[in-house]
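Asker: Sequence and predicted structure below; questions after.
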Amino acid sequence: MAHFAKLDRSNKVIKVHVVDNSVITDENGDEQEQLGIDYLTKLHSHSWWKQTSYNRNFRKNYANRGYQYDGSKDAFIPPKPFPSFVLNETTMRYDPPVEYPEDEDTRYVWDEDTISWKEN
């Protein structure tokens, strides 16, 4: 199955649609993103689509509702969870300014007020 993110005018993901691989396969047996875009545009009368990879094989992250597509990075970027988190330019995900504690016996939650991890 192939997955396509439906984007609004600001490239924010509205929804992810699934289409059969036969829809995006050309006469040579090669997958073509544009075939999926054409199919979905005709089906939904909406023309802003980008293919996304469930296995993160391309565009860094699997698109979900609320993610932003960045064309210059060709990546889906999740919403920023906290103001102090920083975008990792390699993974295109937000990292906390302090690494998660390596204590396997304790669960932690982020505390934005103190910019630290607190026991949960």
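Answerer: Right, received. Where do you want to start? Numbering: from 1, shown residues only.

Asker: separation between residue 74 and residue 107?
Answerer: Distance, residue 74 to residue 107, using Cβ to Cβ, to the nearest Å: 35 Å. Just so you know, the C-beta spots here come from the backbone N, C-alpha and C atoms, and that holds for glycine as well.

Asker: and what of residue 64?
Answerer: Relative to residue 107, and taking Cβ to Cβ, residue 64 is found at 23 Å.

Asker: Show me which of the two is the more surrounded one.
Answerer: Regarding residue 64 and residue 107, a neighbour count based on other Cβ atoms under 10 Å identifies residue 64 as having more, with 14 against 10.

Asker: ok now do that one, which residues does it touch?
Answerer: Listed by Cβ atoms under 8 Å, 6 or more residues apart in numbering, the contact set of residue 64 reads 13, 16, 76, 78.

Asker: can I get these in a markdown table with neighbour count and secondary structure?
Answerer: Shown next, in a markdown table, are the contacts of residue 64 (neighbours: other Cβ atoms under 10 Å; DSSP: H, G, I helix; E, B strand; the rest coil):
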| residue | neighbour count | secondary structure |
| --- | --- | --- |
| 13 | 21 | strand |
| 16 | 17 | strand |
| 76 | 27 | strand |
| 78 | 18 | coil |
